[in-house]
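In: Here you go, sequence then predicted model.
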Amino acid sequence: MSKTPIILGIDPGTQILGYAILKGGPKPTLITMDVLKMTKEKDIYARLQMIHARIIELIETYQPTHFAIEAPFFGKNIQSMLKLGRAQGVAIAAAMHFKIPVSEYAPKKVKQSITGNGNADKEMIWKMLERILAIKKQPKYYDATDALGVALCHHYQISGLILPTAKIVKGKKSSKKANSWEAFLSKNPERLKK
């Protein structure tokens, strides 16, 4: 019998890093989510050390079996990309030290898996996470919910679940793709996990 996965999801950042721990299984459960806020620290190398220390602390505390991290968004500011890549690398290195399998997801993939819309905004993602995981209190920073989204995306990836995400918030459909999901599910009801 396989062990229930514990997923550490990371939204990398050098000022604010989001993290979430999700217990997998038929009904995924949020264990914790928060941020590591480093805005008062000016030295980039000290921030990287803070990231490394927090990831190790999370791994030792929660014993995750999977590590999922959001891939950097390609922007025009090369310096920002380099800093973000360093933060991501330090976090990945900490997971690799503990021999935890690492998976990386593009932001659009995370949005698509949570809402059915690869262009969903942060509020829409939060609303779906709130609904899917029955979360009562919204965190102060979207970095935490982004990390939770990465963890849930990974859960869907490893479990093979297809969830009814076509009807997003307030019963509205998000796009033509969402309509195609609904059509697919209506033609293939056996693929829907309840």
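Out: Done, it's in.
In: ok, which stretches of this structure are helices?
Out: Here the chain has its helices, by DSSP state H, at 44-62, 78-97, 107-115, 122-133, 142-159, 176-187.
In: Report pLDDT for the residue positioned nearest the centre of the chain.
Out: Most central in the chain under Cα atoms, centre = their mean is residue 150, positioned 1.5 Å from the mean C-alpha point. pLDDT for residue 150: 98.
In: show me what contacts the closest residue to it other than its chain neighbours?
Out: Once flanking residues are discounted, residue 150 sits nearest to residue 9: 4.0 Å by Cβ to Cβ, 6 or more residues apart in numbering. For the C-beta atoms, the positions are set from N, CA and C on the backbone; glycine is no exception. The contact partners of residue 9, taken as Cβ atoms under 8 Å, 6 or more residues apart in numbering, are 19-22, 68-69, 147-152, 154.
In: confidence score at residue 9?
Out: pLDDT at residue 9 comes out at 98.
In: now it: how far from residue 81?
Out: Note on residue 9: its distance to residue 81, by Cβ to Cβ, to the nearest Å, is 21 Å.
In: Kindly report the same for residue 104.
Out: Applying Cβ to Cβ to residue 104 and residue 81 gives a distance of 15 Å.
In: Residue 124 against residue 117, yeah?
Out: Yes: with contacts counted by Cβ atoms under 8 Å, residue 124 reaches residue 117, the gap being 7.2 Å.
In: quick one, which of the helices of the chain is nearest to residue 36?
Out: Ranking the helices of the chain by proximity to residue 36 (Cβ to Cβ) places helix 44-62 first, at 4.8 Å.
In: can you count the residues close to the closest residue to residue 69 other than its chain neighbours?
Out: Distances taken as Cβ to Cβ, 6+ apart place residue 10 nearest to residue 69, at 4.4 Å, with adjacent residues excluded. Look at residue 10: counted by other Cβ atoms under 10 Å, it has 31 neighbours.
In: and if you look at the one 3 residues further on?
Out: Around residue 13 there are 24 other residues, counting by other Cβ under 10 Å.
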